[in-house]
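Trainee: Give me the fold of what follows.
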Amino acid sequence: MTAQANTDSKTTQFQIAIEGISLPIIERYFAMLNDGAYAETASLFVDQGVMVPPFEQAVQGREAIAHYLETEAAGLRLYPYIGAETPLDSGDTEVRVKGKVDTSLFAVNVAWDFVLTPSCEIASVKVNLLAKLEELLNFRR
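Mentor: Predicted coordinates:
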């Protein structure tokens, strides 16, 4: 994974390259999140797209996803590094990306499971923490 700041513009633009991923929408998803462009990130979803955060209820619809990201994703830095794309008989594509998320308090390994429509919009993404229970318990206050 490559994440580098482009200092030629007023806002930081992160360039993302993920080994095994050829679909630009996946790289845009991570770059936009790292830039704090939450409404733009939500616009990558179909109208009634679904985001399933860890330990929370699914969030459905672009507006709800944008609101969720604005309140919950601020300050996160995502570092995806490897992925795999699997075409489905339905015409959709499953994409699994593994990486790390840094917060102000800790870093955790994560997997993102996407389903993309044939027109390359995000139908859903499920975020899975790849930490052992003992590791997660250490994060409690």
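Trainee: gap between residue 123 and residue 17?
Mentor: Applying CB to CB, to the nearest Å, one obtains 24 Å for the distance of residue 123 from residue 17. In this view, the C-beta of every residue, glycine as well, is placed from N, C-alpha and C.
Trainee: For the residue most central in space within the chain, which three-state class applies?
Mentor: The structure's the chain has its C-alpha centroid closest to residue 30; by CA atoms, centre = their mean the separation is 5.3 Å. With DSSP: H, G, I helix; E, B strand; the rest coil as the basis, the three-state label of residue 30 is helix.
Trainee: repeat for the one 3 residues further on
Mentor: Secondary structure assignment for residue 33 (three-state DSSP): helix.
Trainee: Local confidence estimate at it?
Mentor: pLDDT, residue 33: 95.
Trainee: One more: residue 1?
Mentor: Confidence at residue 1, expressed as pLDDT, is 39.
Trainee: so where's this protein shaky on pLDDT?
Mentor: Applying pLDDT under 70 to the chain picks out residues 1-14, 132-141.
Trainee: separation between residue 112 and residue 89?
Mentor: In this structure, residue 112 and residue 89 are separated by 22 Å, where distance is defined by CB to CB.
Trainee: What about residue 23, how many residues nearby?
Mentor: Other residues within reach of residue 23 by the criterion other CB atoms under 10 Å amount to 16.
Trainee: Could you list the residues in contact with the strand or helix carrying residue 67?
Mentor: Here residue 67 sits within helix 62-72, counting by DSSP states H and E. Contacts with helix 62-72, where a contact means CB atoms under 8 Å, 6 or more residues apart in numbering, come from 33, 38-39, 41-43, 45, 47, 49, 51, 53, 59.
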